[in-house]
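Visitor: Just a sequence and a predicted model for now, questions to come.
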Amino acid sequence: MYELLFLVVIVFFFWLVLIRPQQRRAKAQLELQRSLEAGQRVMLTSGVFGTLVDVESGDNVAVEIAPGVVIEVVRGAVAVVVPEVTDEPEPAVTDADAAVDLDKRADES
């Protein structure tokens, strides 16, 4: 009886640790590939960056990798949609700002 329970626990553990996360990743990748739109900047599984030009051609998408250079790849080759970069730099934190934050924290204690 304990052997059967042990076997069930081992199978459940493998499912929880190995199979379930892989299923989630596959589902997320499928959703990403379904939501592709023209104009998005993407990275292909080969590491090549480009902009989607045409996504209406079924299982294939057209990617512009350089001005005037358009390649057609399988939709599954799109690994990541690259987020747009804003021109606004993040505010720099100075030592004086950090010291003021530490003083505020000390006063609250």
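Guide: It's in. Numbering: from 1, shown residues only.

Visitor: which phi and psi does Phe13 have?
Guide: Recorded main-chain torsions at Phe13 are phi -60, psi -50, according to degrees, to the nearest 10.

Visitor: what does Gly68 give?
Guide: Residue torsions, per degrees, to the nearest 10, at Gly68 are phi 90, psi 0.

Visitor: Any idea what the most centrally placed residue in the chain is bridged to?
Guide: Against the mean C-alpha coordinate of the chain, by C-alpha atoms, centre = their mean, the closest residue is Val80 at 5.6 Å. According to DSSP bridges, Met43 are recorded as the beta-bridge partners of Val80.

Visitor: and it, what does it touch?
Guide: 32, 42-43 (C-beta atoms under 8 Å, 6 or more residues apart in numbering). To be clear about C-beta, it is placed using only N, CA and C from the backbone, and glycine gets the same treatment.

Visitor: Now do it against Ala28, distance only.
Guide: 11 Å (C-beta to C-beta, to the nearest Å).

Visitor: what does Met1 give?
Guide: Taking C-beta to C-beta as the measure, Met1 falls 40 Å from Ala28.

Visitor: okay, those two: which has more neighbours?
Guide: Relative neighbour count places Ala28 above the other of Met1 and Ala28, with 10 against 5, counting by other C-beta atoms under 10 Å.

Visitor: Counting by contacts, list what the helix or strand hosting the more buried one packs against.
Guide: If you go by DSSP states H and E, Ala28 is part of helix 20-34. Identification of packing neighbours for helix 20-34 by 3 or more C-beta pairs under 8 Å, 6 or more residues apart in numbering; DSSP states H and E yields strand 78-81.
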